[in-house]
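Visitor: Sequence and predicted model, in that order:
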Amino acid sequence: MSFDLKLNPAGVAGIDRVSASSLTADRFFEAYQRPGIPVIITGLLDEPDWDLDFLTDQLGEQTFSVRCYGRDRYSQDKRQWTDIGSGTKPRQMTFTEYAQTLRSGEAAEKDMYLAKCPLKTTALGKRTSFRALRDRLGLRFAATNLNLWVGPGGHVEALHYDPTDGTLMQLFGEKKLLLFPPDQIANLYPFPIAVHLRHGTKLRSWFSQTYPNKPDFESFPNLKIALAHAQEVVLKAGDLIFLPVGWWHEVTSLGDGMTCSVNQFWHVYPWGRALRSGNKWRAHLGGVLAVPQQVKSQLGF
Ligand SMILES: O=C(O)CCC(=O)C(=O)O
(Lines give C-alpha, C1' and ligand atoms only; values in the text may rest on other atoms or scores of the structure.)
Protein backbone atom coordinates (compact mmCIF):
# COMPACT_ATOMS: atom_id res chain seq x y z
CA MET A 1 0.00 0.00 0.00
CA SER A 2 1.37 3.40 -0.91
CA PHE A 3 0.72 6.23 1.52
CA ASP A 4 -0.12 9.78 0.62
CA LEU A 5 2.20 11.72 2.94
CA LYS A 6 0.35 14.71 4.40
CA LEU A 7 3.50 16.56 5.20
CA ASN A 8 3.94 18.52 8.30
CA PRO A 9 0.51 18.47 9.97
CA ALA A 10 2.27 19.31 13.24
CA GLY A 11 3.04 22.69 11.71
CA VAL A 12 6.80 22.31 12.07
CA ALA A 13 8.68 25.26 10.54
CA GLY A 14 9.96 24.45 7.04
CA ILE A 15 13.58 24.11 5.97
CA ASP A 16 15.10 27.50 5.05
CA ARG A 17 16.29 27.99 1.49
CA VAL A 18 18.79 30.84 1.36
CA SER A 19 20.93 32.27 -1.38
CA ALA A 20 24.70 32.06 -0.89
CA SER A 21 25.04 35.74 -1.73
CA SER A 22 22.98 36.67 1.36
CA LEU A 23 24.75 34.27 3.73
CA THR A 24 27.99 35.00 5.56
CA ALA A 25 29.99 32.36 7.44
CA ASP A 26 29.01 34.09 10.73
CA ARG A 27 25.32 34.00 9.86
CA PHE A 28 25.58 30.33 8.81
CA PHE A 29 27.23 29.51 12.12
CA GLU A 30 24.74 31.39 14.30
CA ALA A 31 21.54 30.41 12.49
CA TYR A 32 22.29 26.82 11.43
CA GLN A 33 25.58 25.24 12.52
CA ARG A 34 25.50 26.25 16.19
CA PRO A 35 21.88 25.11 16.80
CA GLY A 36 22.09 22.16 14.35
CA ILE A 37 19.33 23.23 11.94
CA PRO A 38 19.28 22.07 8.29
CA VAL A 39 19.38 24.67 5.54
CA ILE A 40 19.48 24.62 1.75
CA ILE A 41 21.94 27.05 0.22
CA THR A 42 21.51 28.01 -3.41
CA GLY A 43 24.07 29.45 -5.79
CA LEU A 44 27.11 28.41 -3.78
CA LEU A 45 28.70 26.16 -6.37
CA ASP A 46 30.25 27.50 -9.50
CA GLU A 47 30.41 24.30 -11.56
CA PRO A 48 29.54 23.24 -15.11
CA ASP A 49 26.89 20.54 -15.66
CA TRP A 50 28.24 17.30 -14.18
CA ASP A 51 26.38 15.29 -16.83
CA LEU A 52 27.36 11.82 -17.98
CA ASP A 53 29.63 13.07 -20.79
CA PHE A 54 31.47 15.41 -18.42
CA LEU A 55 31.87 12.69 -15.76
CA THR A 56 33.04 10.13 -18.31
CA ASP A 57 35.54 12.61 -19.65
CA GLN A 58 36.92 13.32 -16.16
CA LEU A 59 36.71 9.86 -14.60
CA GLY A 60 36.57 7.47 -17.59
CA GLU A 61 39.19 4.80 -16.84
CA GLN A 62 39.16 5.14 -13.08
CA THR A 63 37.70 2.16 -11.17
CA PHE A 64 34.80 2.57 -8.73
CA SER A 65 32.87 0.34 -6.40
CA VAL A 66 29.22 0.14 -7.50
CA ARG A 67 26.53 -1.19 -5.15
CA CYS A 68 23.99 -3.46 -6.85
CA TYR A 69 20.92 -3.26 -4.64
CA GLY A 70 18.45 -5.09 -6.89
CA ARG A 71 14.99 -3.69 -7.55
CA ASP A 72 13.05 -5.83 -5.06
CA ARG A 73 15.02 -4.51 -2.13
CA TYR A 74 12.37 -1.96 -1.20
CA SER A 75 9.53 -4.42 -1.37
CA GLN A 76 11.13 -6.44 1.42
CA ASP A 77 10.24 -6.07 5.09
CA LYS A 78 13.32 -4.28 6.41
CA ARG A 79 13.24 -6.53 9.47
CA GLN A 80 14.34 -9.32 7.10
CA TRP A 81 17.36 -7.32 5.88
CA THR A 82 20.80 -8.65 6.71
CA ASP A 83 22.54 -5.56 5.33
CA ILE A 84 21.65 -1.96 4.55
CA GLY A 85 23.14 -1.91 1.09
CA SER A 86 26.80 -1.23 1.61
CA GLY A 87 26.89 -4.91 2.56
CA THR A 88 25.61 -5.92 -0.89
CA LYS A 89 28.49 -7.25 -2.90
CA PRO A 90 29.77 -4.28 -4.89
CA ARG A 91 30.98 -4.53 -8.49
CA GLN A 92 34.29 -2.95 -9.44
CA MET A 93 33.93 -1.09 -12.72
CA THR A 94 35.49 1.80 -14.58
CA PHE A 95 33.39 4.93 -14.81
CA THR A 96 33.03 4.34 -18.56
CA GLU A 97 31.57 0.87 -17.89
CA TYR A 98 29.19 2.24 -15.26
CA ALA A 99 28.12 5.08 -17.60
CA GLN A 100 27.21 2.42 -20.13
CA THR A 101 24.89 0.70 -17.61
CA LEU A 102 23.22 4.07 -16.96
CA ARG A 103 22.75 4.66 -20.69
CA SER A 104 21.45 1.15 -21.42
CA GLY A 105 18.98 1.15 -18.50
CA GLU A 106 20.79 -1.74 -16.72
CA ALA A 107 21.66 0.52 -13.76
CA ALA A 108 17.98 1.45 -13.30
CA GLU A 109 16.85 -2.14 -13.80
CA LYS A 110 19.27 -3.53 -11.19
CA ASP A 111 19.31 -0.40 -9.00
CA MET A 112 23.09 0.05 -9.35
CA TYR A 113 24.44 2.99 -7.35
CA LEU A 114 27.95 4.43 -7.38
CA ALA A 115 27.75 5.42 -3.73
CA LYS A 116 30.11 7.29 -1.45
CA CYS A 117 33.21 6.88 -3.63
CA PRO A 118 36.24 9.00 -2.69
CA LEU A 119 36.72 11.91 -5.05
CA LYS A 120 40.12 12.92 -3.70
CA THR A 121 42.10 10.67 -6.02
CA THR A 122 40.27 11.91 -9.13
CA ALA A 123 40.62 15.05 -11.23
CA LEU A 124 37.30 16.25 -9.79
CA GLY A 125 38.58 16.21 -6.21
CA LYS A 126 40.74 19.21 -6.97
CA ARG A 127 37.89 21.52 -8.05
CA THR A 128 38.36 24.88 -6.40
CA SER A 129 34.65 25.46 -5.83
CA PHE A 130 34.67 22.80 -3.10
CA ARG A 131 37.43 24.64 -1.29
CA ALA A 132 35.56 27.91 -1.77
CA LEU A 133 32.47 26.34 -0.25
CA ARG A 134 34.39 25.34 2.84
CA ASP A 135 35.67 28.88 3.23
CA ARG A 136 32.32 30.52 2.50
CA LEU A 137 30.53 28.46 5.16
CA GLY A 138 33.43 28.52 7.61
CA LEU A 139 33.36 24.72 7.96
CA ARG A 140 36.62 23.67 9.55
CA PHE A 141 36.71 20.14 10.88
CA ALA A 142 36.31 17.67 8.01
CA ALA A 143 35.56 14.12 9.17
CA THR A 144 35.93 12.68 5.65
CA ASN A 145 37.02 13.79 2.23
CA LEU A 146 34.61 14.47 -0.62
CA ASN A 147 32.46 11.52 -1.77
CA LEU A 148 30.83 11.03 -5.16
CA TRP A 149 27.28 9.64 -5.59
CA VAL A 150 26.03 8.82 -9.10
CA GLY A 151 22.93 6.79 -9.91
CA PRO A 152 19.77 6.26 -11.93
CA GLY A 153 16.53 8.15 -11.34
CA GLY A 154 14.28 6.20 -8.97
CA HIS A 155 17.10 5.08 -6.67
CA VAL A 156 16.34 5.50 -2.95
CA GLU A 157 18.90 5.69 -0.16
CA ALA A 158 17.05 4.28 2.83
CA LEU A 159 16.02 6.39 5.83
CA HIS A 160 18.95 6.88 8.19
CA TYR A 161 20.90 9.48 10.13
CA ASP A 162 24.65 10.09 10.30
CA PRO A 163 26.81 10.45 13.43
CA THR A 164 28.41 13.60 11.96
CA ASP A 165 27.24 16.79 10.27
CA GLY A 166 27.06 16.55 6.49
CA THR A 167 26.92 18.70 3.39
CA LEU A 168 25.25 17.25 0.31
CA MET A 169 25.79 19.14 -2.95
CA GLN A 170 23.69 18.45 -6.01
CA LEU A 171 25.69 18.61 -9.25
CA PHE A 172 23.28 17.11 -11.78
CA GLY A 173 19.60 16.16 -11.74
CA GLU A 174 17.37 16.45 -8.70
CA LYS A 175 16.99 14.61 -5.41
CA LYS A 176 14.10 14.59 -2.98
CA LEU A 177 14.96 14.42 0.70
CA LEU A 178 12.47 13.35 3.34
CA LEU A 179 13.72 14.71 6.66
CA PHE A 180 12.82 14.05 10.29
CA PRO A 181 14.30 15.84 13.30
CA PRO A 182 16.64 13.90 15.63
CA ASP A 183 14.06 13.73 18.44
CA GLN A 184 11.84 11.46 16.29
CA ILE A 185 14.30 8.58 16.70
CA ALA A 186 12.02 6.36 18.78
CA ASN A 187 9.08 6.94 16.41
CA LEU A 188 11.22 5.86 13.44
CA TYR A 189 12.12 2.47 14.92
CA PRO A 190 15.86 2.23 14.21
CA PHE A 191 17.37 -1.25 14.04
CA PRO A 192 18.33 -2.25 17.61
CA ILE A 193 21.98 -1.67 18.57
CA ALA A 194 22.39 -5.43 19.12
CA VAL A 195 22.21 -6.01 15.31
CA HIS A 196 25.89 -5.08 15.20
CA LEU A 197 26.87 -8.11 17.29
CA ARG A 198 25.56 -10.40 14.55
CA HIS A 199 26.02 -8.29 11.40
CA GLY A 200 28.97 -5.98 12.14
CA THR A 201 28.30 -2.76 10.23
CA LYS A 202 26.50 -4.47 7.35
CA LEU A 203 23.24 -3.77 9.14
CA ARG A 204 23.21 -0.47 11.00
CA SER A 205 21.39 0.77 14.05
CA TRP A 206 21.23 4.26 12.57
CA PHE A 207 18.86 3.03 9.83
CA SER A 208 15.08 2.97 10.26
CA GLN A 209 13.09 -0.26 9.93
CA THR A 210 10.15 1.71 8.50
CA TYR A 211 9.05 2.86 5.06
CA PRO A 212 7.57 6.37 5.50
CA ASN A 213 5.80 6.16 2.11
CA LYS A 214 4.49 2.65 2.76
CA PRO A 215 3.87 2.68 6.49
CA ASP A 216 2.99 -0.44 8.43
CA PHE A 217 1.20 1.17 11.37
CA GLU A 218 0.35 -2.18 12.88
CA SER A 219 4.03 -3.03 13.39
CA PHE A 220 5.21 0.58 13.86
CA PRO A 221 2.28 2.57 15.37
CA ASN A 222 4.35 5.58 16.44
CA LEU A 223 5.48 6.19 12.87
CA LYS A 224 2.26 8.27 12.69
CA ILE A 225 3.78 10.68 15.19
CA ALA A 226 7.05 10.92 13.22
CA LEU A 227 5.15 11.57 9.98
CA ALA A 228 3.61 14.66 11.55
CA HIS A 229 7.16 16.04 11.77
CA ALA A 230 8.32 15.08 8.24
CA GLN A 231 9.71 17.71 5.91
CA GLU A 232 10.21 17.19 2.19
CA VAL A 233 12.69 19.23 0.15
CA VAL A 234 14.00 19.00 -3.41
CA LEU A 235 17.68 19.63 -4.14
CA LYS A 236 18.32 21.01 -7.61
CA ALA A 237 21.67 21.20 -9.40
CA GLY A 238 23.74 23.90 -7.69
CA ASP A 239 21.99 23.50 -4.30
CA LEU A 240 23.66 22.34 -1.11
CA ILE A 241 21.93 21.06 2.01
CA PHE A 242 23.52 21.18 5.45
CA LEU A 243 22.40 18.06 7.35
CA PRO A 244 23.25 18.31 11.04
CA VAL A 245 24.08 15.20 13.09
CA GLY A 246 21.10 13.02 13.95
CA TRP A 247 18.73 14.41 11.30
CA TRP A 248 16.99 11.50 9.55
CA HIS A 249 17.02 11.55 5.76
CA GLU A 250 15.70 9.34 2.97
CA VAL A 251 17.15 10.42 -0.39
CA THR A 252 15.35 9.71 -3.68
CA SER A 253 16.88 10.40 -7.10
CA LEU A 254 14.18 12.05 -9.22
CA GLY A 255 13.47 11.77 -12.94
CA ASP A 256 14.47 9.17 -15.52
CA GLY A 257 18.05 10.27 -16.09
CA MET A 258 21.07 10.05 -13.83
CA THR A 259 21.74 12.16 -10.76
CA CYS A 260 25.11 13.21 -9.38
CA SER A 261 25.96 14.61 -5.95
CA VAL A 262 29.05 15.16 -3.84
CA ASN A 263 28.91 15.03 -0.08
CA GLN A 264 31.27 15.47 2.82
CA PHE A 265 30.99 14.68 6.53
CA TRP A 266 32.11 17.14 9.22
CA HIS A 267 32.89 16.73 12.89
CA VAL A 268 30.07 18.27 14.84
CA TYR A 269 30.96 21.78 15.93
CA PRO A 270 30.53 23.43 18.38
CA TRP A 271 31.65 20.46 20.46
CA GLY A 272 28.83 21.02 22.98
CA ARG A 273 26.28 20.10 20.30
CA ALA A 274 28.22 16.88 19.64
CA LEU A 275 28.20 16.02 23.35
CA ARG A 276 24.44 16.55 23.57
CA SER A 277 23.58 14.40 20.52
CA GLY A 278 22.24 11.10 21.87
CA ASN A 279 21.84 9.82 18.28
CA LYS A 280 25.54 10.37 17.69
CA TRP A 281 26.64 8.40 20.76
CA ARG A 282 24.15 5.64 20.01
CA ALA A 283 25.72 5.22 16.54
CA HIS A 284 29.26 5.20 18.01
CA LEU A 285 28.23 2.54 20.52
CA GLY A 286 26.86 0.51 17.59
CA GLY A 287 30.24 0.90 15.87
CA VAL A 288 32.00 -0.48 18.96
CA LEU A 289 29.61 -3.46 19.18
CA ALA A 290 30.38 -4.22 15.51
CA VAL A 291 34.10 -4.73 16.16
CA PRO A 292 34.09 -8.47 17.14
CA GLN A 293 32.09 -9.36 14.01
CA GLN A 294 34.39 -7.23 11.83
CA VAL A 295 37.46 -8.92 13.29
CA LYS A 296 35.87 -12.34 12.70
CA SER A 297 35.14 -11.59 9.06
CA GLN A 298 38.68 -10.18 8.57
CA LEU A 299 40.04 -13.45 9.88
CA GLY A 300 37.79 -15.34 7.49
CA PHE A 301 35.36 -16.93 10.03
O1 LIG B 1 22.79 11.20 -2.02
C2 LIG B 1 22.48 10.12 -1.51
O3 LIG B 1 21.97 9.20 -2.16
C4 LIG B 1 22.67 9.89 -0.04
C5 LIG B 1 23.49 10.95 0.60
C6 LIG B 1 23.49 10.86 2.10
O7 LIG B 1 22.90 9.99 2.70
C8 LIG B 1 24.24 11.88 2.84
O9 LIG B 1 24.81 12.80 2.22
O10 LIG B 1 24.28 11.77 4.08
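Guide: Cool, the structure landed.
Visitor: Leaving out sequence neighbours, find the closest residue to Leu114.
Guide: Val150 (4.3 Å; Cβ to Cβ, 6 or more residues apart in numbering). (C-beta placed from N, C-alpha, C; glycine too.)
Visitor: Could you do Glu174 as well?
Guide: Leu254 (4.4 Å).
Visitor: Check Gln170 too.
Guide: In space, Gln170 is closest to Leu235, 4.2 Å off (Cβ to Cβ, 6+ apart).
Visitor: same thing with Ala274?
Guide: According to Cβ to Cβ, 6+ apart, the nearest residue to Ala274 is Val268 (3.6 Å).
Visitor: Give the buried residues for the helix or strand of the chain with the lowest mean pLDDT.
Guide: Lowest mean confidence among the helices and strands of the chain (mean pLDDT, DSSP states H and E): helix 128-137, at a mean of 86. Residues of helix 128-137 classed as buried: Phe130, Leu133, Arg134, Arg136, Leu137 (neighbour count, 16 or more other Cβ atoms under 10 Å).
Visitor: Any chance of those in JSON lines with distance to the ligand as columns?
Guide: Converted to JSON lines, the buried residues of helix 128-137 look like this (distance: Cβ to the nearest ligand atom, whole Å):
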{"residue": "Phe130", "distance to the ligand": "14"}
{"residue": "Leu133", "distance to the ligand": "14"}
{"residue": "Arg134", "distance to the ligand": "16"}
{"residue": "Arg136", "distance to the ligand": "19"}
{"residue": "Leu137", "distance to the ligand": "15"}
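Visitor: For these, please prepare CSV with the additional fields distance to Pro35.
Guide: Shown next, in CSV, are the buried residues of helix 128-137 (distance: Cβ to Cβ, whole Å):
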residue, distance to Pro35
Phe130, 25
Leu133, 21
Arg134, 20
Arg136, 19
Leu137, 15
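Visitor: returning to that earlier point: state the distance from the residue nearest to Gln170 to Leu137.
Guide: 16 Å (Cβ to Cβ, to the nearest Å).
Visitor: Phe242 sits in which helix or strand?
Guide: Secondary structure assigned from DSSP states H and E places Phe242 in strand 240-243.
Visitor: Neighbouring strands of the following helix or strand past that strand in the sheet, and parallel or not?
Guide: Sequence-wise, the next helix or strand downstream of strand 240-243 (DSSP H and E) is strand 248-253. Partner strands for strand 248-253, per DSSP bridges, with pairing direction: strand 156-160 (antiparallel), strand 175-180 (antiparallel).
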